[in-house]
Structures are given as C-alpha cells and as structure tokens.
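Asks: Show me the folded form of this:
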Amino acid sequence: MKLYCATTNPGKLREFQLAIDTLGKGQFTVEPIPSLQSIPAPDETGSTFEENAVQKALYYSKHANGPVFVDDSGLAVDALKGAPGIYSARYSGEGATDATNNAKLLREMKGKRDRSAEFVCVVALAERGRVLGTFAGIASGELLDAPRGGEGFGYDPLFFYPPRQCTFAELSAEEKLTESHRGRALRLMLDFLRQR
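Replies: Residues are numbered from 1 along each chain as shown. Model (predicted):
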C-alpha cells in the first residue's frame, strides 16, 4: 500500500521513511505528496497536537491519490507548564532553527530543579478529506544542561532517555525508532492499516 506523507522537515521525513521500511515489513511504501513544496501550508490553529495533526491531514489529503499521514509533535516540559508544546518547531520565534530553539530552552530551564519532559507525537491519517484515525506516542525523559550526541534533530541532543541512559541524539536512527514518540505513533498507525 502506498502512503503519502506531508512534511517539509528533512529529519521527520527520514524517520518516516525508516519507520515505514522497518515496521511496514514490505507491506507499505511512503512518498512525499507530489509538489508538496508548491502547496501553501495550512494554518495550524489547534490548541493540541491532535487538533493540529487532524487539520493538516484533512488539508493535505485533498492533494494526494491515497492515504496521507501527518504528524504534529513536540516537547512538553513540566517545569515550563508544557511549553514549548505545540510551538516546539517555532519556539524561538520567526526563522527558528534547532540551534536557536535549544538555546532558548536552555535559558528557560536555567535554575529549574524539575527536568522532566515528554516528547509527544500524534499522527493523523486521512484520505480524500476524511479522517481515518489518529495515533499517539509518548517518550518520557529528562532535560540535560548541555547538548550531547550528533544524531537526530530538534531537541534530541537535550533529551536524556533513562531506559537507554543516553540522549536521543546518541541513538542511531534505528535505535531511536524503537523508543521514540514518533516510532510508537507510526507503529500504531501501521497496525491499524493492516487491520482495515
């Protein structure tokens, strides 16, 4: 079965393709939506990861000839009352980059004793303007005072994952897939599709 994904984030696209190749067991292929770069991005007006994922999936499903999945994901930090949350990708403002987002997070966390955080991912699956399902994954960890590791993207270098005793940026892409919020959500989506 061919699936389409709607993301312009190269890190997410790599993880999507790895997940479908690894977890799909040859039953699924994934491609970006044709001409995705020329499709104006929809407004994200939801107040939750799920609302934003559903908005995007419904919007992009009208531009593909098959099922489309979209994720909305981010980092929720307890000491920051859930921030950056749905604003994770643009936490440091317009033109935000991984480096500027991480720098802002470290500034906001200075002196905080509670370092607990969760990576949250909600994947929404839609086809021709109809939602087929939503699938959520969570990974719980702690924030470090300085980045570690050169793999991954986003907040991975600051996110220490106790079960592996390392940051997500110190895991290979394959190792991260088995543990991450995105890997868990995609696994649920593929299980759903197999049962259709």
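Asks: alpha carbons only for contacts and neighbour counts from here, please
Replies: Noted.
Asks: Bridged to the spatially most central residue of the chain, which residues?
Replies: Among the residues of the chain, the one closest to the centroid is Ser73, at 4.0 Å (CA atoms, centre = their mean). With DSSP bridges as the criterion, Ser73 is bridged to Cys121.
Asks: I figured it was touching Ala124, is that so?
Replies: No: Ser73 lies out of contact with Ala124 (CA atoms under 8 Å); the separation is 11.1 Å.
Asks: Which elements pack onto the top strand by length along the chain?
Replies: In the chain, with assignment by DSSP state E, the single longest strand is strand 130-143. Where contact means 3 or more CA pairs under 8 Å, 6 or more residues apart in numbering; DSSP states H and E, strand 130-143 is packed against helix 49-61, strand 116-127, strand 159-161, helix 181-194.
Asks: any idea how far the closest residue to Val30 other than its chain neighbours lies from Leu75?
Replies: Using CA to CA, 6 or more residues apart in numbering and skipping the chain neighbours, the partner closest in space to Val30 is Leu3 (4.7 Å). Applying CA to CA, to the nearest Å, the value for Leu3 to Leu75 is 26 Å.
Asks: ditto for Thr22
Replies: From Thr22 to Leu75 the distance is 25 Å (CA to CA).
Asks: who's more crowded, those two?
Replies: Per other CA atoms under 10 Å, whichever of Thr22 and Leu75 has more neighbours is Leu75, with 25 against 14.
Asks: these two touch, right, that one and Glu118?
Replies: Yes: under the criterion of CA under 8 Å, Leu75 is in contact with Glu118, at a separation of 5.8 Å.
Asks: Name the nearest residue to Arg148, ignoring sequence neighbours.
Replies: Pro157 (4.9 Å).
Asks: and the angle for the host helix or strand of Leu75 with strand 130-143?
Replies: Assigned by DSSP states H and E, Leu75 belongs to strand 68-77. Counting by axes from the mean of the first three to the mean of the last three CA atoms, to 10 degrees, strand 68-77 lies at 30 degrees to strand 130-143.
Asks: other SSEs contacting strand 68-77?
Replies: Counting by 3+ CA pairs under 8 Å, 6+ apart, strand 68-77 packs on strand 2-5, helix 49-61, strand 116-127.
Asks: Of those, give the one that comes closest to Thr134.
Replies: Smallest distance to Thr134 across these (CA to CA): 4.4 Å, for strand 116-127.
Asks: and the closest one, what does it pack onto?
Replies: Strand 116-127 packs on helix 49-61, strand 68-77, strand 130-143, helix 181-194, going by 3+ CA pairs under 8 Å, 6+ apart.
Asks: can you give me the angle it makes with helix 49-61?
Replies: 30 degrees.
Asks: Would you mind listing the buried residues in strand 116-127?
Replies: Residues of strand 116-127 classed as buried: 116-127 (neighbour count, 16 or more other CA atoms under 10 Å).
Asks: my guess is Pro157 meets Phe168, correct?
Replies: Yes: using CA under 8 Å, Pro157 makes contact with Phe168 at a distance of 6.3 Å.
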